[in-house]
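1. Pasting a predicted model and its sequence here:
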Amino acid sequence: MEKALERVINNLPRAIIMAVVAVLALAWGLKELRSYASYGDVFRDPVFLSASLAIVIALLAYYGVKLIVIRRAPKFSSREIGILVTRFEGDTKDRVQTHTVESIKSAVYSQGTLADVGVKKARRLIHDHQEACTFAQAGAAHLCIWGVLIPPRTVHFNLSIPGKGYEARALVPDFPDISLIVDQVVKFVNDTLPPMDSTQARIMFLERRLEKLGAVNAENEKRIRNLYEQIHNLETEIYGRIEYESELTEIRRMESHRRRIMLIIGISEYQLFPRLRYPAKDARAIAEMVQSTWGRNATVTMLVDSDATAANISRAMQQIALNAHKDDQVWLYYSGHAFTTGDGTGYILPCDGNARSLPASAIPMTQIGSWFKQLRAQQAIMFADACHSGAFGSAIAKSGVPAQITSMRQASGRVIITAGGASELAYEDQSLEHGVFTHYLLKGLTGEADFNKDEIVTTSELFEYLYSRVSEASTSKGFQQRPIMWVVESTGDFVLALVD
């Protein structure tokens with residue numbers, strides 16, 4: 001705002017011309033609107049007199065601001081060598097003034113001079129040496145720098161020293177290179193130092209300079225401490241990242257050699273119960289996925305449709321219990337019918353389940369819970385894509401609240417991830433050609449659940465992914481299905497897949 005006002009004041013003749021034009025236009029307008037016979041009548045009109053008075057007051061205000069603001073020189077203390085840099089004629093953006101001030105400050109302070117130097121801007125335009133000296137003396141400045149910008153890059157500098165009445169002039173043809181001017185200013189500063197025999201003055205300057213150096217040193221020490229802290233943080237981050245990458249490399253190596261023993265059950269065709277559309281296809285897709293992921297380290301037993309009798313399921317479970325070793329990871333995947341009894345016990349239904357002999361012809365989750373306990377393998381997980389599967393976990397787990405699991409090395413425990421709650425149905429989706437839960441289980445295990453991009457899919461990542469995607473998909477279809485994860489005595493996060 002001040003700069004804009006200053007430009008107006010510096011172009012005051014233009015403002016006066018505009019004021020005169022405004023008065024004449026007002027007179028003509030009043031004459032036409034009020035049909036005055038002559039301009040003498042207009043000049044006696046109260047409206048004209050009031051408007052003219054306002055214009056005169058505005059012009060006086062301009063002059064007042066010029067005298068009070070623009071002519072006011074920045075003040076320097078008696079202990080400073082004051083250098084005043086005014087605005088340069090023709091430089092509407094004040095680039096020359098700003099660059100000159102910054103360059104002089106940098107050069108003077110880097111010289112190690114003992115003088116207490118002050119460099120300040122002035123908002124005034126100077127037109128001659130005498131005006132520069134008078135203006136500098138008003139602010140107790142030792143040197144006034146002023147001049148003219150000659151577009152595009154030539155600057156005519158004037159250096160006025162009021163105490164000696166001395167003026168130096170220099171033409172700089174290649175702004176912003178003003179090294180010639182800066183060198184002259186540094187020489188002036190050094191020449192302005194008190195004489196060596198002026199002991200008291202010399203002591204005063206020394207003390208002031210020491211104060212400044214002390215402040216600079218304190219600031220530098222603070223910056224150095226901050227830099228050391230940043231270096232330490234970066235080193236910690238780098239070493240932490242190296243350790244983390246090393247840990248991940250070791251985990252990938254361990255998991256690539258870990259044996260996975262899997263019992264995969266999918267029943268679409270039942271002997272005495274309604275047919276389901278996709279469980280058999282779901283089971284085959286899971287088997288294909290784990291074989292592709294783990295290759296020869298995956299031992300898969302698959303029971304589909306008529307092979308998935310109660311006897312075959314029990315026999316396969318017992319065989320796995322006998323063969324699984326401590327370091328193995330055991331999977332049980334089931335997709336098919338399930339139900340709960342009045343006491344809340346969950347059952348999976350084999351293909352030969354008989355409605356007349358339920359629940360005797362079904363496999364209770366208590367049996368699977370006992371099987372989990374028999375396993376020597378430290379890691380065991382069950383995926384259940386079935387209606388009411390949320391009741392399964394209560395047979396073996398303490399809580400249905402998802403565990404906050406973070407570590408992967410030495411992980412152990414039992415985990416059950418179900419397609420939905422105890423009172424929820426597990427839906428099939430024709431557009432996906434899979435059960436909704438199994439569709440996203442396949443997606444998650446092949447990489448979409450790797451949220452932190454470490455090329456490892458863990459149980460916690462997989463459940464977070466399943467809960468989000470299955471809940472969202474079911475809601476969009478107008479029903480509710482929210483997966484649940486149950487954990488028992490878990491001491492870590494299982495690695496379920498390695499992602500390329």
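-> Yep, it's here.
2. Return the distance of whichever strand or helix holds residue 186 from the chain's centre.
-> Here residue 186 sits within helix 179-191, counting by DSSP states H and E. Relative to the mean C-alpha coordinate of its chain, helix 179-191 is positioned 46 Å out (CA atoms, centre = their mean, to the nearest Å).
3. So which bits of that helix are buried?
-> The neighbour-count check on helix 179-191 (16 or more other CB atoms under 10 Å) flags 181, 182, 184, 185, 186, 188, 189 as buried. Bear in mind the C-beta positions are built from the backbone N, C-alpha and C, glycine included.
4. tell me the two of the residues you listed that are most distant?
-> Of all pairs drawn from the buried residues of helix 179-191, the one with the longest distance (CB to CB) is 181 and 189, at 12.9 Å.
5. what sits against residue 252?
-> 455, 456, 498 (CB atoms under 8 Å, 6 or more residues apart in numbering).
6. how about the helices in the stretch 401-500 of the chain?
-> 436-443, 459-476 (DSSP state H, counting those that start in this stretch).
7. Contact partners for residue 297?
-> Counted by CB under 8 Å, 6+ apart, residue 297 has contacts 256, 257, 258, 259, 260.
8. swap in residue 170?
-> 156, 157, 159, 180, 181, 184.
9. Next, it: phi, psi?
-> The phi/psi pair for residue 170 (degrees, to the nearest 10) reads phi -150, psi 140.
10. which strand residues sit across from it in the sheet?
-> residue 157 (DSSP bridges).
11. Can you add pLDDT and give the contacts of residue 297 back as TSV?
-> Formatted as TSV, these follow (pLDDT from 0 to 100):
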residue	pLDDT
256	84
257	87
258	91
259	93
260	94
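12. and these, which of them are in strands?
-> residue 260 (DSSP state E).
13. Among the contacts of residue 297, name the buried ones.
-> Judged by 16+ other CB under 10 Å, buried ones among these: 259, 260.
14. from the chain's centre, how far out does the host helix or strand of residue 318 sit?
-> In this assignment (DSSP H and E), residue 318 forms part of helix 310-323. The chain centroid and the centroid of helix 310-323 are separated by 53 Å under CA atoms, centre = their mean.
15. now that helix: mean pLDDT?
-> For helix 310-323, mean pLDDT is 94.
16. for the following helix or strand past that helix, what is the average pLDDT?
-> Per DSSP H and E, the first helix or strand lying C-terminal to helix 310-323 is strand 329-335. Strand 329-335 comes out with an average pLDDT of 96.
17. same for the next helix-or-strand element following strand 329-335, what does it pack against?
-> Downstream of strand 329-335, the next assigned helix or strand under DSSP H and E is strand 338-340. Strand 338-340 sits against strand 346-348, with contacts defined as 3 or more CB pairs under 8 Å, 6 or more residues apart in numbering; DSSP states H and E.
18. Name the strands paired with the next helix-or-strand element following the strand it packs on and say parallel or antiparallel.
-> As assigned by DSSP H and E, the chain's next helix or strand after strand 346-348 is strand 363-364. Partner strands and pairing direction for strand 363-364 (DSSP bridges) are strand 346-348 (antiparallel).
19. which other residues reach the strand it pairs with?
-> Strand 346-348 has contacts (CB under 8 Å, 6+ apart) with 265, 334, 336-341, 358-359, 362-365, 368, 384, 386, 388-389, 391-392, 394-395, 422.
20. again, only using 10 Å
-> Applying CB atoms under 10 Å, 6 or more residues apart in numbering, the contact partners of strand 346-348 are 265, 267, 308, 310, 313, 332, 334-341, 353, 358-359, 361-368, 384, 386, 388-395, 418, 422.
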